[in-house]
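>>> let's see this in three dimensions:
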Amino acid sequence: MDMMKLATQLLASKLGNSGGGNADLVQSVIGNLLGGSGGNGIDLGSLVGGLQNSGMADIAESWLGDGDNAHISRSQIESMLGSGKIQEAASQLGADQNDLLRGLQNMLPQVVDKSSSGGNLLDAVGGIGGLAGLASKFLK
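All right, here's what the predicted structure looks like:
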């Protein structure tokens, strides 16, 4: 399944009537939050790099690996993405900021986990350090 489609479905289902009814809008907001510099799609390298730069490499590693996904708190998501971006996204969706954070809390681990099923993504780039190095190349 396409990462963006999965992310849109997961987030929309958590938002329900407060912004989740418009899939195009939800997809646009996800792109703005997780699309890196282009704002399109989901930039997995930037997302994982953001986790690592925020001191959450262990969380990223659990999502990329085959075991259970580590929990991420709403405050950790807000810290990683920036409270301004979260506030703007919630406003665009007409959703409560806490509802958006809860939706992201559910969606992020699943999307990263599904995109790296079998650990192939993590292994292919040399572990978490390699993935963060890959992300830094795109962020320059």
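>>> which SS state does the closest residue to Ser73 other than its chain neighbours fall under?
With Cβ to Cβ, 6 or more residues apart in numbering as the criterion, Ser73 has its nearest non-adjacent residue at 7.4 Å, and that residue is Gln105. Backbone N, C-alpha and C define where each C-beta goes, glycine included. Three-state call for Gln105 (DSSP: H, G, I helix; E, B strand; the rest coil): helix.
>>> which stretches of the protein form helices?
Using DSSP state H, the helices found in the chain span residues 3-15, 23-34, 44-53, 57-64, 74-81, 83-93, 97-115, 120-124, 127-139.
>>> distance-wise, check Ala70 relative to Leu47.
Distance of Ala70 to Leu47, given as Cβ to Cβ, to the nearest Å: 14 Å.
>>> neighbour-wise, which of those two wins?
Using other Cβ atoms under 10 Å, the more surrounded residue of Ala70 and Leu47 is Leu47, with 24 against 14.
>>> what residues does the closest residue to that one other than its chain neighbours make contact with?
Take Leu47 and drop its neighbours on the chain: the residue closest to it by Cβ to Cβ, 6+ apart is Leu34, 5.7 Å away. Contacts for Leu34 (Cβ atoms under 8 Å, 6 or more residues apart in numbering) come out as 7, 42-43, 46-47.
>>> quick check: the gap between Leu34 and Gln105.
14 Å.
>>> what about Asp58, neighbour count?
When neighbours are defined as other Cβ under 10 Å, Asp58 has 12 of them.
>>> I'd say it and His71 touch.
No. Applying Cβ atoms under 8 Å as the test, Asp58 and His71 come out as separate, 11.1 Å apart.
>>> for Asn22, which residues are in contact?
Applying Cβ under 8 Å, 6+ apart to Asn22 gives no contacts.
>>> so where's this structure uncertain?
For the chain, the stretches with pLDDT under 70 are 1, 17-20, 36-40, 117-140.
>>> so what's the residue nearest in space to the middle of the chain closest to, chain neighbours aside?
Central residue of the chain (Cα atoms, centre = their mean): Leu108, 4.1 Å from the mean position. Nearest non-adjacent residue to Leu108, counting by Cβ to Cβ, 6+ apart: Ile72, 6.6 Å away.
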